[in-house]
Structures are given as C-alpha cells and as structure tokens.
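Mind looking at a prediction? Sequence and model below.
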Amino acid sequence: MFEFIYNILDFLFDLVIKDIMFETYILTGLTGIIIGFAVINGVLGGVLALIWGERRLLGRFQQRTGPNRWGPQGILTSTADAVKVMFKEDIVPEEADKYIFNVAPLLLVIPVFIIFSVIPFGISLYAVDINVSALFILAITSISGLSIICAAWASANRIAIFSALRSVAMLISYEIPVGLSLVGILLICESMSVMDIVIYQKIPFILIQPVAAIVFFLGSLAEINRTPFDLTEAESELAAGYQNDYSGMKWGLFYLGEFAAAIAAATVFSTLFLGGPNGPFLPGIFWLTIKVVAVLFFIIWIRASWPRFRIDQVLNLAWKGLFELTLVNIIVTSIAVIIWTDADSNRLIYIGLANWIFAFPFVILIFKMLKTSNYQDTNKESMSYPIGSDTPKFMKEKS
Amino acid sequence: MSIKSEPITINLGPQHPSTHGVFRMRVTFDGETIIDVEPIFGYLHRGSEKLAEERTYTQVVTLTDRMDYVSSMLNNQGYILAVEKLSNIKPETRGVWLRMIASELQRIASHLVAVGFLIQDLGAWGTPLTYAMREREKILQMFEMLCGARITNSYMRPGGVFMDAPQQFWDNLSSFIDEFPAAVDELERLLTSNEIIFSRTKGVAVLTPEQAINASITGPILRSTGVPWDLRKNDPYDYYDKVDFEIPVHNAGDNYSRYLLRVQEMRESLKIVKQCVDFIEPGPVRPHHDDVPFLLRPPKGDCYVAIEGSKGELGFYLVSDGSISPYRWHVRSSSLINLTLLREMLIGTLFGDLFVTFGGIDINMGEVDR
C-alpha cells in the first residue's frame, strides 16, 4: 500500500518538476498523511455507523424501533449527534486540574487510532508492517487506562475516582490473560508480525486455538469496558463513571474513543482469530469488514442480554479462570508445536485437534468450578405452599 | 510498609439514575465495601395526609393514586375498604369482583416494574425491562378502558367501583390471561437461570426472619425470609377467601429469592384474576346514591384497615368527626417501613450490590414521602 501510493506520488511529482530537494522525505511524509487521513476517516465513519447500528440493534432486541427519524432508517442520527456535541458548551469544573482534564480525552482517542496502523485490511493493504506488531497492539491498548485515571483524577470527582480505580484494576488483571493468550499463535506462526499471522491463517485460528480465542474475546470485552464487564461506566451505580464531569466535545472524544476501541477490538480479534482479510471470491477488505461487523454484532448482542458482573467477580474471572486457561493453552500448544515441526499442510489440523482435545475441556471444567455454589438447590428451595400446610424453616428449628 | 488508607464518603442521589425517584444515600466506602449507609428522604413530601383533611371522602381517592404511583389500584382498594368499614357500607358484589380484578392486575404491573428495574440495576441494558414494560403496557391499556386513566386511576368508590367494565375490557383481559404465562416464561428464560444473575444476587443482603419481623417488614421481602404472612390469606378482605391461590414463600432471604418470589406472585395473581372472571355476575357496580351519597358523613370513630399491597402491608387509618372530610388520615406505607433495614442489609456488601438491594426492596418514593 505504502509503495503503491509512494510510486503514484513520485510519478506525479516527476510530471511537474524534476530534481526536487529532499524528494524522498517529502514523498514519505505526503504518503503518510494520505494513509493516515484515509484510515482515520474510515474509522470515524465506522464509529458513526457503529453508534447508529448499536442503537438500532438494541432497539430491535428490545422490541422497539430505535432511532429512525433523521435520514433513511435513521442512519444520520449519529452524525447529527456529533454536530450537536461540537456546539455544546464546554464546562471545566472549578476544582479540576485544567491541563490534565483537557489532555485526558486525547490520550484515550489517539492510541485507538494508532492500533489501526498495523492492521492489514487486505493482503497487501496495510499502513505499516512492524515485525513485533502483535506486541505493539498489546502495548498501545494499555494507554487507555492512563487516560481514564487522568480524567478521573483531574475532574476531582469521587465517583469518577471509583470508576478509574475499577478500570485500572481490570486493565492490570486482563492484560495478562490477553497477552498470554496470544502466545499460542506466536508459537505456531513463529512470528510476532500481524501480517505473518494473517498469511499463516489458512484455517482461522479460532478453530486451532479455541481456548485462546475465548480468553482473548473476554479479555478484550473487559479492556474496552463493554457488558458484562462495563464496571467503569456502570450506569446504575456510577452514573457516567470517569466522564461524569465532561461535556461538549471532550465528552464526545471519550464517546468516540470508546466506540473506536470497540471497532479496534473487533478488528484485532478478526485479524488474529478469524483469518482477517482471508476469504474466497471477495477482496480482502470486504472479508475483514464482514468479520468485524459479525464480531460487533456479537458484542452488541451480549450487551442487550446480560447484566454486568461485580468487581470482585470480574477480577476472580481474570485471575482464577482466564489466567489458568491461557497457561493450559500455552502448554498444550507448545507440546503440539514441538511434535509437529514439519511445515506440512496438515500441521495446523494436528495442532488444532490437540488443542480441542486437551485444552478445550479445561474451559468447561474451569467455568463449572467458577459457578455460584449450590446452583442446583435453588429450584428445590423455591417451592411454594399454601399457608398452614407447612411450618417455615426457622419455626421448625426453634420447636 | 503500610499504605495509609481512609474511608471515602459518597453522596448518592437525589439525582442519580437508579435511586427510583428522589432518594439520597450518604454511603461510606472502605475500598469497594460499604461500611456505613445513611438514607435521607423527604424530597417528594407533598403532605398528602394533611391535604386529605380538607377533602371529602371520595376526593381523597385521588390522593391515594399519587402515593404509590405504580400500584394506584391497590391504594384505592385499601382506602375504600377503610371508608366502607368506617361508614358501614355494604359493597355491591360485582363491584368487589371488579375491584379484585383491578388490584390483582395492578399487583402484576407493580411486580413487573420491580423485576424489570431490579434487572436494570444489575446492569442489563434494558432488554428485560422492555419485556416487563411491554406486559405492563397491556395492563395499563386495560385500566384505560376501565376508568380512562392509566396511572392515576381513581377507579374505586365507596361501595364498589366508579363504573362497569366495557366489553372491550373483557376481550382484552381474556387474551391477556392467555398470553401472560408465556410472557413470564420468556422473562424467566432470560433471567432465572442466568449465571450472572445468580452470582450477583444469591446470598447478597440476606435478612433473617427475626430481623424482618422485628423491623415489621412485610410483603415479598418478609415472605422471602420464610415467613408465610400474606394478608390476603391471614386476614382476608373483599372476596379473597372465596378464591383459591397460593402464597409463594422462600427461605433464603436474599435478593435472588425476592426476585423469584415476585415472579411467582405474578403467576398466582393471574390465577386470582382468572377465578374472578369466572365468579363475576351481572349487577350494579356500586350502591345507589340514596344509600351511599357523594358527600359521605361517616359516624364518629376511627378504623384501621390493611391490605396486602404489592410492596407489603398497606394500612389506612381514618378518624372521622362526623363531618364530610376525615379528621385524620394516616397511611402505613410499606415502602417506608421496608426501608428501615436498608443499612443492615447493605453494610458489608460491595458497591455493585447497593442498588441491586435497593431495587430488590422495591420502594416507591411517592409512598415513602407521601
């Protein structure tokens, strides 16, 4: 992609003027600006579409219409909201730390857009190919925690502090399983480059690394603060959480950052586990879009149907469930990788079978162990009886 | 090395998305654990009890609507029973049956709100709430057919009800009776065996029967601790002794049993409605004006009548000095008294349990502050 645009620009430059000073630097800069512009605007458009799609879908799940006024099927609703947000009054609380208060929204938004620089949108359609891009993605996503704690601390709001502390606790806990869940893939591909991982995925890695896919999906839900891990903005508890005191475009940036993070999480999941742009007939970018939309639909579906966990349960899940699962996954995958070293065509199938047989049962086992105790007794307890036919428990014990 | 830490006090409400009205709590946290709760209320005080002293006995019915605005029919029923007892009115049979149908439908509607908002407080983004609200909407539409109003009904009068039900109401009611069990099943499929709801509500905010009885807590919360106390069975009013129904009782006393108990009570209420429809016969719905005049003048005296409201024992105390308006009107509101153990229930739980417990008590600020 980079070379393609670079060459076009080079050709255009040569038409106008030859032997310009610092030609390579100028061309590289221009190419970067063009690619950045395209990626950022693509993501922004995706965010607007996602906001509309989420509201519309939630409406469908809840047997109501959803936004349907502005534009066909209400598709311009989020655009109108974006314009409205820009013109709203920007209030900074008197006791706020003004500088950090203003910087925090940017800190949330910028890293999310940086993630897209290493995502391959097609087999040769990518901005940059770093040889450690999987690690790069993990590192960049952690910055959002800093932004949230900056916002909460700067706005001098106790509810916001609660939200930020929860967010940081969740981020620290879930970074570990999410990072470790990628180890299996890296062992199979013997590369940390997302490009290599995509090229290696003849079969989507969700079929070869089921445990890692589950852990990564749950972990990314926790990191982007979506249901059932949306404790950071638990509306029924913390109102709006860390963004309580924000208004206008700063609040808009938080909103944008969250939805862009949802898209980023879905894109990374599709790239690493669903084969990314691989697929028959259609060009790669269509396949990636289809996969991202499917993952986003799944995320919205979860949001429409499940309540949220409590903070201790969220952390329990990370440390007592997902962490162990990733260790099991690493052990099984590394043994399988050692056994089937030859790069024959069936290698992936063998490794996948080993994972399904030896690692996947642990998912069922560990989630069974994490279930609330006396799960089975509840139905017996809840029998109803007419008054007088039976004395209640506490009266029996006394007599 | 020890880290210095101190408790943090947060003011939740009166403007908070899940305080179910204008309720305020000053909560002290140690980390995420609640160590102290100070409930503060009175933001919705309108002086209903004083207002009643300036109104006639029939006009007070409109004040009862505005107490607990999600179960106004039950408030009407309790007040009307008190007036009937005070002035020795014998109600018309058809009116009483209509009254029972209306109040049992209202109990279903109130429990739907309670269950829906409990799940909303748990963090489910609206889906169970809209399922519950969809069913409540059908009930409110039936109320509109009965009396022209959806929330503030003022349907009941001394001696019966305001007017007879139109044919459309019976059609809607029969289709509602057919459809409602499936709707409750749908709600239960989504919620009852949901692992997250299990882990969030089971064993949280446990009340013992001794605690509940000592604080004179009534209604679903008392029954969830294992005490089978329901005024419809223990002290039957209207024709509740003629219908056959059961009182669901649980032993756990936690948030989950409160939720499950309400779901079961909805089914039982539907059973009562079904029987009322079978029992009802044509006839007048309220006595003639000559027998029960608009300006009632009950004899001197006082009376206390309690009914099983959707939230607990709903008692009405009336004192008459022989004039056209009550000398004193006092309401024993179940919401207020059920709130008394809030502190004991909440201490030791986490922030996430706070509003779940609060929603599980199912209070209504209109009734707490009156």
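Perfect, I can see it now.

Return the host helix or strand of B:Ala132 as CSV; C-alpha atoms alone will do.
Using DSSP states H and E, the element containing B:Ala132 is helix B:127-147. Taking C-alpha atoms only, helix B:127-147 is exported to CSV below (Å, rounded to 0.1, in the frame of the first residue of the first chain):
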residue,chain,number,x,y,z
THR,B,127,-33.9,-5.8,27.4
PRO,B,128,-35.6,-7.5,30.4
LEU,B,129,-37.1,-4.1,31.4
THR,B,130,-38.7,-3.6,28.0
TYR,B,131,-40.0,-7.2,28.2
ALA,B,132,-41.6,-6.3,31.5
MET,B,133,-42.8,-2.9,30.4
ARG,B,134,-44.5,-4.5,27.3
GLU,B,135,-46.7,-6.6,29.5
ARG,B,136,-47.3,-3.7,31.9
GLU,B,137,-48.5,-1.7,28.9
LYS,B,138,-51.2,-4.2,28.2
ILE,B,139,-52.4,-3.9,31.8
LEU,B,140,-52.4,-0.1,31.7
GLN,B,141,-54.4,-0.1,28.5
MET,B,142,-57.0,-2.3,30.3
PHE,B,143,-57.1,0.3,33.1
GLU,B,144,-57.7,3.0,30.5
MET,B,145,-60.7,1.0,29.3
LEU,B,146,-61.9,0.7,32.9
CYS,B,147,-61.6,4.3,34.1
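
just checking, A:Val314 is part of a strand?
No: assigned with DSSP: H, G, I helix; E, B strand; the rest coil, A:Val314 falls outside any strand and is helix.

Please identify which residue in the stretch 1-150 of chain A comes closest to chain B.
Per CB to the nearest CB, A:Gln62 is where the stretch 1-150 of chain A lies closest to chain B, at 4.0 Å. C-betas here are computed from N, CA, C, even on glycine.

Make sure that residue is actually in contact with B:Gly126.
Yes: using CB atoms under 8 Å, A:Gln62 is in contact with B:Gly126, at 5.4 Å.

what residues do these two have in common as contacts?
Shared contacts of A:Gln62 and B:Gly126 (CB atoms under 8 Å, 6 or more residues apart in numbering or on different chains): A:Ala304.

number of nearby residues for A:Ile364?
9 (other CB atoms under 10 Å in any protein chain shown).

So B:Leu342 sits against B:Phe358, correct?
Yes: between B:Leu342 and B:Phe358 there is a contact under CB under 8 Å: 7.2 Å.

how about the residues of the stretch 151-300 of chain B near chain A?
Residues of the stretch 151-300 of chain B found near chain A (CB under 8 Å from any CB of the partner chain) are B:190, B:194-200, B:202, B:208-210, B:225-228, B:230, B:233-234, B:246-252, B:256-257, B:260, B:264, B:268.

For the stretch 1-150 of chain A, which residues are neighbours of chain B?
Near chain B, when you scan the stretch 1-150 of chain A using CB under 8 Å from any CB, you find A:Leu58, A:Phe61, A:Gln62, A:Gln63, A:Arg64.

thinking again about what came up before, same for the helix holding B:Ala132, what does it pack against?
helix B:93-122, helix B:167-191 (3 or more CB pairs under 8 Å, 6 or more residues apart in numbering or on different chains; DSSP states H and E).

will you turn the ones you listed into TSV that also has mean neighbour count, distance to A:Ala294 and mean pLDDT?
Shown next, in TSV, are the helices and strands packed on helix B:127-147 (neighbours: other CB atoms under 10 Å in any protein chain shown; distance: least, CB to CB, whole Å; pLDDT from 0 to 100):
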stretch	mean neighbour count	distance to A:Ala294	mean pLDDT
helix B:93-122	26	27	88
helix B:167-191	15	23	87
